[in-house]
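Asker: Below are the sequence and a predicted model; questions follow.
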Amino acid sequence: MGILVLSGIVLLPVLLPIAATDDGVKKNEHTSNNTSNGTFSDLDKLSMANIEVKSPRLWAFLVATYWVSVVTYFLTFKAYKHVSALRATALMSNEVKPEQFAVLVRDLPNATSGQTRKQQVDTYFKSIYPETFYRSMVVTNNKEVDKIWGELEGFKKKLARAEAIYALSQGNGQGTRPTNRTGFLGLCGKKVDSIEYYNQKIKELTQKLEAEQKVTLREKQQGSALVFFTSRVTAALAAQSLHAQMVDNWTVTEAPEPRQLIWSNLTIKFYDRIIRQYVVYIVVFLTIVFYMIPIAFISAVTTLKNLRKILPFLKPIVDIAALKTVLEAYLPQLALIIFLALLPKFLLFLSKTEGIPSGSHVIRAASGKYFYFIVFNVFIGVTIGGTLFASIKTIEEKPNSIFDMLAKSLPGNATFFLTFVALKFFVGYGLELSRIVPLIIYHLKRKYLCKNEAELREAWFPGDINYATRVPSDMLIVTIVLCYSVIAPVIIPFGVLYFALGWLVLRNQALKVYVPAYESYGRMWPHMQIRIISALFLYQVTMLGYFGVMRFYYTPILVPLPILSLVFVFVCRKKFYGAFCHTVLEVASQELKETPHMEQIFKSFIPPSLISEKQEDEHFEDALSQVSRSESSV
C-alpha cells in the first residue's frame, strides 16, 4: 500500500493530464485492442496508448518508471529491517519454546554392530557437546501406529456423540439408546447398541495400540533423530555447523515446532530429497506451461462476443442491457478466479512430496509455486492469450508483427486487470469479512450433525489464514498494479484500495478470528520480498520493451533498472537473509525467565500416536533405546 500511495502521489497528477491531452488513440485507432469491446474506451485516453510514437511526452513516463522503482527499493528495504527486528524480538522472548532447545538430525550413517540407533546418536552428540547434550529421540516409522490411533480417536468421538444423543433422549422422557449397523458405512450388517459397541471397539483398539507402540519403538527406528540440548545457544550452534566430512551424513538443522513436524518426511535420505526436489520442479514447470493453454482459452472465450458465436442460444440472455454490462465487465475474471481455485491443494501435495520436514516450510514452498503459476498464467497468459486469439489472422499474414501487437495490447489489457482487481477486493474482502460461507456451513452442521460441545467447537473452529494462496494472490495484485502503474496510472487507486481494505480486514481477521496453526517467526517475509522485487523486475522489463515499441530514442536509459533490481536482491539477501535461515547467536543467548523443564520439552515432541496413558517416561525411553536404563547414556 505504501509503494502504491507514494507512486500514485506523483504518477496520477503528472501522467494523467499528459496522457489525456495527447491524441494518439485517434491516430492509431486501427491498432487499438480493447478487451471490452469499447466499454472502457475512454480509459485509453488516460494511458500511454494515447501518447504518440516518439513523442517527447514519453520523458515523463520514463522518469515515472524510475520513481516507482526507487520507492519500491526504499520501502522494501525498510520493511526488511522492520521484520528482521520483529523476528529477533520474538526469538529473544524469555518464555521457553521447545523447538529452541532441539535440532533435527537426518541422514544417520549405519550403526556399528551391536549398537542401537539411540546409542549411536547419544554417543556422537555427547562427544561433541559434553556439557549441554540432554538426550535424543530416534524417529520411528509410525504408519501403522498412526492408523490404529486414528481409528481409536474416531471411535472415541463416535462414543461421545452416541452418549450425547442418549442423554438428549432421556431429557424427553424415557431414554432410547442409539443403535448402528456394523457393516460398510453403517448401512448394512448387524444392528448393535452404539454405546456398548463403541466401548468394546475402544477397549480392543487401546490394547492393539499399546502393543503396536512397543513394536514401533523397538523395531521400527529410522535413520533420523531429534537431539535435545540444555542451552538455546548450543542448539543454535549445532543447527549452523557442519558435523561430518560427507554432506550426506549427520545433516543437522533447526527443529521445527512439535506441531509442525511432518514425521513421514524426516527419514527421506539426502540424495532422495534432491531427486524429489528436481522432479517436483519439473512437474511444476510442466503444470505452469500446460495450464497456460486452458487459461488463455478461458480468457478469450469468456468474452460476450465469443460466447455469442460459440453458444448462440445465450443471445437472448446476454443481450439484456443491465446483465450485459455486468457480464462484460466481470465474466472473464470470475471464470479465471474459479479456475485458479482448483490448483492449491495439488501444489501443497507436491511441496510435501519434496521431503520438507515442517508444515510452515511446505506452505512457503507451495506459496512460491502458486505465485509463479499465477504470474505466468494470469498476468502473462491473459495478455498473450487475448491478443493472439483476437489477432490470429493478422499474425498469420505478418508473423513479425507479433511483438508490436503484444506491446500495443498492454494498455487495452489494463481494463481487464482493473476489473480483476476490483472484483478481488469487492467480492473477496466482502466474503472474508462477513465469513458468510463458514457461517452457513456452521449452522448446517449445528442443526444436523453436532450433538455435543466438542463437535460444536470443531464446527465453529475458524482455522488458520491460508498463506499458501493468500500471499500469492496478493503478490499477483502487486505484479499487476506495478506493471500497469505507468502504462495506465488509473489502476493505482484500485491497487491502493485493495491493500487498504486488506490491511483493515485481514488485520482484524488475524487478531480476532483465525487461530494460527504454527509460528515460523517471520520466515515468510524474505519470500514475499523477493516476489515483490520479481514483480518490479517484470515491470521494468515490460517498460523497457514498451518504450522500445514506442520508438523512444532514450529507451536505453531504462537498461540499468533491471540490473539495479538484481543488485538490490543480492544486497538484501547478504544483509538480512542469514538471520531468517538460522537463529542468531546473540538472540539465542538472551536469558530465560525460568529454567527450562527439559523433560517437558522432550515430551512435547513425542507423536500423539506414541503417547500412552499407561506408559511411564522410563518405559518410553527403554523401548526407544532397546537397552536397560543402566546402559543408557541419559
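Answerer: The structure has been received and is ready for your questions. Residues are numbered from 1 along each chain as shown.

Asker: State the helix or strand in which the residue nearest in space to the middle of the chain lies.
Answerer: Within the chain, one residue has its C-alpha closest to the average C-alpha position: by C-alpha atoms, centre = their mean, that is residue 468, at 1.7 Å. Taking DSSP states H and E as the criterion, residue 468 maps to helix 467-484.

Asker: Over to residue 159?
Answerer: Counting by DSSP H and E, the secondary-structure element that holds residue 159 is helix 143-171.

Asker: Which of the residues in that helix are classified as buried?
Answerer: Neighbour counts over helix 143-171 (16 or more other C-beta atoms under 10 Å) mark 145-146, 148-149, 151-152, 155-156, 158-166 as buried. No exception for glycine: its C-beta is placed from N, CA and C like everyone else's.

Asker: one step back: correct me, but the residue nearest to the centre of the chain touches residue 369?
Answerer: No - no contact is recorded between residue 468 and residue 369 when judged using C-beta atoms under 8 Å, the distance being 9.0 Å.

Asker: Between these two, which contacts overlap?
Answerer: With contacts defined as C-beta atoms under 8 Å, 6 or more residues apart in numbering, the residues adjacent to both residue 468 and residue 369 are residue 347.

Asker: hmm, back to that, for the helix holding residue 468, which positions count as buried?
Answerer: Neighbour-count burial for helix 467-484 flags 467-469, 471-484 (criterion: 16+ other C-beta under 10 Å).

Asker: And residue 284, how far from residue 371?
Answerer: Residue 284 is 11 Å from residue 371, where distance means C-beta to C-beta, to the nearest Å.

Asker: count of residues packed around the closest residue to residue 352 other than its chain neighbours?
Answerer: In space, not counting the residues next to it along the chain, residue 352 is nearest to residue 362; the distance is 5.2 Å by C-beta to C-beta, 6 or more residues apart in numbering. Burial of residue 362, expressed as a neighbour count using other C-beta atoms under 10 Å, amounts to 23.

Asker: Got phi/psi on residue 362?
Answerer: Here is the backbone geometry of residue 362 (degrees, to the nearest 10): phi -60, psi -40.

Asker: And for residue 520?
Answerer: Note on residue 520: its backbone torsions stand at phi -110, psi 10 [degrees, to the nearest 10].

Asker: What sits closest to it if chain neighbours are left out?
Answerer: Take residue 520 and drop its neighbours on the chain: the residue closest to it by C-beta to C-beta, 6+ apart is residue 360, 4.0 Å away.

Asker: does the one you found belong to a helix or a strand, and which?
Answerer: When secondary structure is defined using DSSP H and E, the element that contains residue 360 is helix 359-374.

Asker: what's the average pLDDT for that helix?
Answerer: Along helix 359-374, the predicted local confidence has a mean pLDDT of 91.

Asker: Low-confidence regions, the stretch 301-450 of the chain specifically.
Answerer: Along the stretch 301-450 of the chain, the parts satisfying pLDDT under 70 run over 301-340, 383-412.

Asker: quick one: the helices in it?
Answerer: Secondary structure of the stretch 301-450 of the chain by DSSP state H, counting those that start in this stretch: the helices cover 304-310, 315-318, 321-340, 344-353, 359-374, 381-390, 392-397, 402-423, 429-434, 436-448.

Asker: likewise the stretch 101-250 of the chain?
Answerer: Counting by DSSP H, counting those that start in this stretch, the stretch 101-250 of the chain has these helices, from start to end: 117-128, 143-171, 194-219, 232-239.

Asker: returning to that earlier point: what angle do the helix holding residue 468 and helix 344-353 make?
Answerer: For helix 467-484 and helix 344-353, the angle between their directions (axes from the mean of the first three to the mean of the last three C-alpha atoms, to 10 degrees) works out to 110 degrees.

Asker: tell me the average confidence for helix 467-484?
Answerer: Average pLDDT, helix 467-484: 90.

Asker: got the CA positions of that helix in PDB?
Answerer: Below are the C-alpha coordinates for helix 467-484, written out as PDB (Å, rounded to 0.1, in the frame of the first residue of the first chain):
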ATOM      1  CA  TYR A 467      -1.000 -18.400   3.500                       C
ATOM      2  CA  ALA A 468      -0.300 -20.800   0.600                       C
ATOM      3  CA  THR A 469      -3.000 -19.000  -1.500                       C
ATOM      4  CA  ARG A 470      -3.400 -15.700   0.300                       C
ATOM      5  CA  VAL A 471       0.200 -14.400  -0.200                       C
ATOM      6  CA  PRO A 472       0.500 -15.400  -3.900                       C
ATOM      7  CA  SER A 473      -2.900 -13.800  -4.600                       C
ATOM      8  CA  ASP A 474      -1.700 -10.500  -3.000                       C
ATOM      9  CA  MET A 475       1.600 -10.800  -4.900                       C
ATOM     10  CA  LEU A 476      -0.400 -11.100  -8.200                       C
ATOM     11  CA  ILE A 477      -2.100  -7.800  -7.400                       C
ATOM     12  CA  VAL A 478       1.300  -6.300  -6.700                       C
ATOM     13  CA  THR A 479       2.600  -7.600 -10.000                       C
ATOM     14  CA  ILE A 480      -0.500  -6.400 -12.000                       C
ATOM     15  CA  VAL A 481      -0.600  -2.900 -10.400                       C
ATOM     16  CA  LEU A 482       3.200  -2.300 -10.600                       C
ATOM     17  CA  CYS A 483       3.300  -3.400 -14.300                       C
ATOM     18  CA  TYR A 484       0.500  -1.100 -15.300                       C
END
